[in-house]
Each structure stands twice: as C-alpha cells, then as structure tokens.
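1. Build me a model from this:
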Amino acid sequence: SVVRNALFCLETAADQKENHVYTKALLAYAFALAGNREKRKALLNSLEKEAVRKDGSVHWQRPGKEPEADLLRYRHRAPSAEVEMTAYVLLAHLTSQPAPAQEELSFASLIAKWISSQQNSNGGFSSTQ
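-> Residues are numbered from 1 along each chain as shown. Got it, this is the predicted structure:
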C-alpha cells in the first residue's frame, strides 16, 4: 500500500509538463527499479532530447548553463549535480526487464564514457553520491 501510494505520487510528478532534467533522471531510474517500462521509456525519450553530445560521449547538464570554454591545459570537470544526473540516466538505461537491448547498451556506453572522463586523478568524482 505504501509503495503503491509512493509510485502514484511519482507518476503524478512525472506527468507534469515542466520537469527539471535532474528530476526526470531520478524518475526514470525509479520507474526502472519499479518495473514500469512505459514510464521509464517515456522519460528516457524525453531525456535523450536534452542530451549533450560531445566528443563521442553523452551527458546531461543544467538548463541554461553556459558552455565551458575549451582551454588547452585545463580539462573541465562538470559540477557534481551533472555527474549525478548523468549517472542516474545510465542506471535507468541499464536497469530494465528484460535486459537492455544492444542499441540501449551502445547508448549507455556513450554515457559511461563521459562519466569516466569526469574522474579526478585519484579515480574519484566530485560527487559523493
């Protein structure tokens, strides 16, 4: 009963017209865990339209964020919120029943490529999530 009510609350939130990209990423993962393929797929389709494709990788960033300047000796690392939301999208792609199709795994590898590029020199990330 509690889980059903919580999922109903999440479904209501997912149906709102204006959801922040971070919210969509969390909802997509929640619906993936709950086994709601329809909601998961709808959110992933919406997120794909907002994806940033650069250098053979895919990630998500906050709306209205200014693009980073490319500096020769400095490699920009994204803010922790962007690493987190991109990781949630990756988890939503990989958490599906039945197992993800090859096309979805190929897209997930582009996301993983971006996430791995965000590691610091110690192998960690700016995010603690």
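2. Can you show me the helices along this protein?
-> With DSSP state H, the ranges of helices along the chain come out as 2-14, 21-34, 37-49, 80-94, 102-117.
3. For those, please prepare TSV with the additional fields distance to residue 123, mean pLDDT and mean neighbour count.
-> Using the backbone N, CA and C atoms, a C-beta is placed for each residue, glycine as well. Putting the helices of the chain into TSV (distance: least, C-beta to C-beta, whole Å; pLDDT from 0 to 100; neighbours: other C-beta atoms under 10 Å) gives the following:
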stretch	distance to residue 123	mean pLDDT	mean neighbour count
helix 2-14	33	89	12
helix 21-34	23	95	21
helix 37-49	27	95	16
helix 80-94	14	94	22
helix 102-117	10	94	15
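4. Nearest approach to residue 125 belongs to which of these?
-> Relative to residue 125, the nearest member of the helices of the chain by C-beta to C-beta is helix 80-94, separated by 5.5 Å.
5. Does anything pack onto that closest one? Which helices or strands?
-> helix 21-34, helix 37-49, helix 102-117 (3 or more C-beta pairs under 8 Å, 6 or more residues apart in numbering; DSSP states H and E).
6. Swap in 10 Å and give it another go.
-> Helix 80-94 sits against helix 21-34, helix 37-49, strand 57-59, helix 102-117, with contacts defined as 3 or more C-beta pairs under 10 Å, 6 or more residues apart in numbering; DSSP states H and E.
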